[in-house]
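Student: how does the following fold in three dimensions:
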Amino acid sequence: PPGTGKTSLIEAAFPDLITVAGDGDTAVADFIGEYTQAPGGGYEFVYGPLVTAMTEGRALLIDDATLISPKVLAVVYPAMDGRRQITVKAHKGETITAAPGFYVVAGHNPGVHGAVLTEALASRFAAQIHVSTDYDLARTLKIDPKAVRVARNLSKRQESGEIGWAPQLRELIAFQKISDVLGADAAVSNLVGIAPEEDRPVIADVVASVYGRPIPPLSLGRQI
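Tutor: Got it, this is the predicted structure:
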């Protein structure tokens with residue numbers, strides 16, 4: 001799910017990681033490269049992150065890969081299978097062969113609107129790992145144990161289908177930052193406030209049971 005630390009995990013594992021941030025506007029040129037105007041006039045071809053990762057033998061992270069059009073992602077497929085080669089049609093039909101050490105990691109958020117995980121994409125990843133929030137890590141980061149307890153409870157309810165949202169590590173880190181600056185009451189109220197409206201009653205009940213009092217969403221104005 002979003003906010004569990006997938007991208008941070010890969011960045012920590014590979015100091016020389018090359019990343020392509022995926023969205024609906026990501027184009028083939030964002031992987032391969034394109035011609036750009038040279039300082040002295042004319043145009044020169046500047047290689048993209050896929051070519052750089054292949055030639056230098058580095059890991060390539062395609063973040064939010066399933067938000068990218070399948071037609072665009074197809075440019076990566078030949079580099080991921082036994083061929084380990086791509087053809088740069090825009091640059092003299094040049095063939096690029098992957099150096100040892102090159103491979104692709106992709107991030108995917110299931111259930112996100114617009115995300116499409118095609119069979120062609122999924123089949124190219126030998127290892128497919130589910131990443132969930134590490135609550136032990138949250139405690140190590142000195143996040144309020146009560147907030148961690150709330151997150152654990154809501155995560156179980158989300159798994160059972162009772163609600164569609166639960167705070168992940170990203171929200172827990174933000175919770176602690178707000179608590180350090182504005183105080184615990186503001187942080188707890190904000191946690192209730194950022195919940196999707198349809199899930200808020202359940203989330204408010206869980207928060208109230210853990211903190212021992214009703215917690216309204218964070219708002220401005222006189223508080224009664």
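Student: which residues in the chain form strands?
Tutor: 18-21, 33-37, 43-47, 59-63, 85-88, 94-97, 103-106 (DSSP state E).
Student: residue 171: which of those strands is closest?
Tutor: Among the strands of the chain, strand 59-63 comes nearest to residue 171, with 19.0 Å by Cβ to Cβ. To be clear about C-beta, it is placed using only N, CA and C from the backbone, and glycine gets the same treatment.
Student: who wins for proximity to residue 1 among the strands of the chain?
Tutor: Of the strands of the chain, nearest to residue 1 by Cβ to Cβ is strand 59-63, at 14.6 Å.
Student: for this structure, what helix or strand is lowest in average pLDDT?
Tutor: None of the helices or strands of the chain scores lower by mean pLDDT, DSSP states H and E than helix 119-122, at a mean of 89.
Student: so, low pLDDT: which residues of the chain?
Tutor: With pLDDT under 70 as the threshold, the chain has low-confidence stretches at 222-224.
Student: tell me which residues in stretch 175-193 are buried?
Tutor: The neighbour-count check on stretch 175-193 (16 or more other Cβ atoms under 10 Å) flags 175, 176, 178, 179, 184, 187, 188, 189, 190, 191, 192, 193 as buried.
Student: list the contacts of the second one.
Tutor: Residues near residue 176 by Cβ atoms under 8 Å, 6 or more residues apart in numbering: 141, 142, 143, 144, 147, 187.
Student: can I assume the fifth one is in contact with residue 191?
Tutor: When you say that, I think you mean residue 147. Yes: contact criterion Cβ atoms under 8 Å: residue 147 and residue 191 qualify, at 7.0 Å.
Student: identify the contacts common to these two.
Tutor: Listed as contacting both residue 147 and residue 191 by Cβ under 8 Å, 6+ apart are 167, 175.
Student: re earlier: drop anything exposed from the contacts of residue 176.
Tutor: Looks like the contacts of residue 176 have 143, 144, 147, 187 buried, using 16+ other Cβ under 10 Å.
Student: hang on, the earlier thing: quick check: helices, which of the buried residues of stretch 175-193 are part of them?
Tutor: 175, 176, 178, 179, 184, 187, 188, 189, 190, 191, 192, 193 (DSSP state H).
Student: now do the helices in the protein.
Tutor: Under the criterion DSSP H, helices of the chain are mapped to 6-13, 29-32, 49-56, 70-73, 77-80, 119-122, 135-140, 145-159, 169-182, 184-193, 200-211.
Student: turn the ones you listed into JSON lines, including distance to residue 106.
Tutor: Formatted as JSON lines, the helices of the chain follow (distance: least, Cβ to Cβ, whole Å):
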{"stretch": "helix 6-13", "distance to residue 106": "10"}
{"stretch": "helix 29-32", "distance to residue 106": "12"}
{"stretch": "helix 49-56", "distance to residue 106": "12"}
{"stretch": "helix 70-73", "distance to residue 106": "9"}
{"stretch": "helix 77-80", "distance to residue 106": "10"}
{"stretch": "helix 119-122", "distance to residue 106": "8"}
{"stretch": "helix 135-140", "distance to residue 106": "23"}
{"stretch": "helix 145-159", "distance to residue 106": "23"}
{"stretch": "helix 169-182", "distance to residue 106": "19"}
{"stretch": "helix 184-193", "distance to residue 106": "30"}
{"stretch": "helix 200-211", "distance to residue 106": "31"}
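Student: that'll do, ta.
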